[in-house]
Structures are given as structure tokens and as C-alpha cells.
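1. here's my sequence, what's the structure:
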Amino acid sequence: MNQLEYAQANANADVLNAQAASAVVLVCEHASSEIPHEFNGLGLADEHRKSHAAWDPGAASVAEHMAAKMDAVLVAARVSRLVYDCNRPPEALDAMPAKSEIVDIPGNRGLSDARKAERTKRYYHPFRAAVADALAGRPDPVLITVHSFTPIYHGRRRDVEIGVLHDRDTRLADALIEQAETSVPHVVRRNEPYGAADGVTHTLREHALPRGILNVMLEVRNDLIADAAAQAKMAGILSDWLTRAIGSARAAAC
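-> Got it, this is the predicted structure:
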């Protein structure tokens, strides 16, 4: 059994459009709010189980539409980031957070090293393997992670609508920012509402930076993708924008 088969056989990696022709690999680490039954909802109140604390609302649908439009593979997490946040390394405090913004997660309080290690083995390693195999199966791949963020965080309104996030490698982010004014009818900003210093670029660091792969993380404010029509529309905007930017970034490297 290879790494991808191992990931698909386990609990936390859906691989869509695996035979896609494009070099693009889309990743949605916070695609699902699912909390396996054995965790008893992590002790969360019902109102929080579908909130942005548990997942990135709308991101999975946007990523699926993008995968279809760009003929790209998509690797999406099957369980809530509160069970394990696949955009964090095992040693990160917020890989299995005891609190997310104002939401307490009783089921993550006081986790033993053994229980953390079990979740890491069950959820993080299969997801990581699926992303690695998707990238390995494509020559000159491009890694794009797709997220959404809440309009109000700790009581403060965020006016940014789409964030273009990057780590040390700025090539694709630069191309996107350069084309944003003519390509995107939204407020676009670099490294907002988060940036590398907040620990959100783990997937980029783990899979793209060591290999020099073009990469970027996209954050979309979730009130802009609140229904199916809005999700499809946003996916079209992002796909067209990315296609142009990837072309520009590759041309600049020649």
C-alpha cells in the first residue's frame, strides 16, 4: 500500500479528482466540521459544532469548484480542525486546541502525550501523506491551500475580503497581488487576516518550501461564500486569477 492508498484508507484524507491533468494541487485542511462519535462532540455546545471554530465554512465547496474548473486534484480533511488541525505540526499548541477564539473545547483540555500522539497518527500523518503523494505525482506542481475566515474576530470587524498569504517564498503571492486590482472585485491584502508569524503556513512550509514549489494560501471571508451560488462564483474568480498569476510567476522565472 503506497502513502496515498494509506491516507485514503484512514480517517482524514479525501482525495478528489486524483487523475487531474493540471499541475495544481489544492489543499483544504479545514474542510469539515465532523467530530467522530467517539469524541462526544469534544464537549462543545451545539452552536459551536458548526461554527468557524470547528471548520472553515464554505471553503470545501469553493475548493471543489476550483478543482473542477482548474482540472486540479484536491486533498481535503475529513474531520474538524478541533480534533486535529492539519495545518499545524504535532508540536504546535493549537494542533489540538483547548480554546479557539472565545470557544472552550473541553474535550481537548489536559490531553495526555499518548492521546495527542494517537490523534497525530490517525489524522495528521494520513493527511500529510496524501498531500505529499498528490504533489509527487505531478511534474512542476503548484500548491494552493484554500481557507475561509470569520468577518468578526474577538469582536472586531475585518474589512479585508481575500487574503493572499505566503511564507518565505513570495513568487506566486507577488503575482496575485500584482494582478488583484484588475482580476478581483474584492478587497485583497497580503498576509491578512493572518500571516506566517501566526503559524498558519505549516502546509506551505512542510510541502512547498523544501522543494521550491510555487505556493500560496488563500483566505476568503466567509460571508462572501455563504451559499452555493456565492461559492461557485468565488471559485471562478479565484481560479481565473490563479491561472493568470501562475503563468506570470513561471514566465518571470524563465
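
2. now do the buried residues in whichever helix or strand A229 is part of.
-> Element membership for A229 (DSSP states H and E) is helix 228-253. Within helix 228-253, the residues that count as buried by 16 or more other Cβ atoms under 10 Å are 230-232, 234-235, 237-239, 241-242, 244-246, 248-250. Every C-beta, even on glycine, is put in place using the N, C-alpha and C of the backbone.

3. also stretch 165-184?
-> Going by neighbour count (16+ other Cβ under 10 Å), the buried part of stretch 165-184 is 165-167, 169-177, 179-180, 183-184.

4. what do you get for stretch 189-203?
-> For stretch 189-203, a neighbour-count test (16+ other Cβ under 10 Å) marks 189-196, 199-203 as buried.

5. and the helices in the stretch 51-200 of the chain?
-> 59-70, 113-119, 125-136, 171-183 (DSSP state H, counting those that start in this stretch).

6. now mean pLDDT too, for those helices, in CSV please.
-> Conversion of those to CSV gives the following (pLDDT from 0 to 100):
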stretch, mean pLDDT
helix 59-70, 98
helix 113-119, 96
helix 125-136, 96
helix 171-183, 97
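
7. do you know which of the ones you listed lies nearest P210?
-> Between P210 and these, the tightest spacing by Cβ to Cβ is seen for helix 125-136, at 10.9 Å.

8. could you measure R122 against S33, distance?
-> Taking Cβ to Cβ, to the nearest Å as the measure, R122 falls 18 Å from S33.

9. my bad, G137
-> 29 Å.

10. between those two, which has more neighbouring residues?
-> S33 (20 against 14; other Cβ atoms under 10 Å).

11. dihedrals phi and psi, the more buried one?
-> Backbone geometry at S33, expressed as degrees, to the nearest 10, gives phi -100, psi 10.
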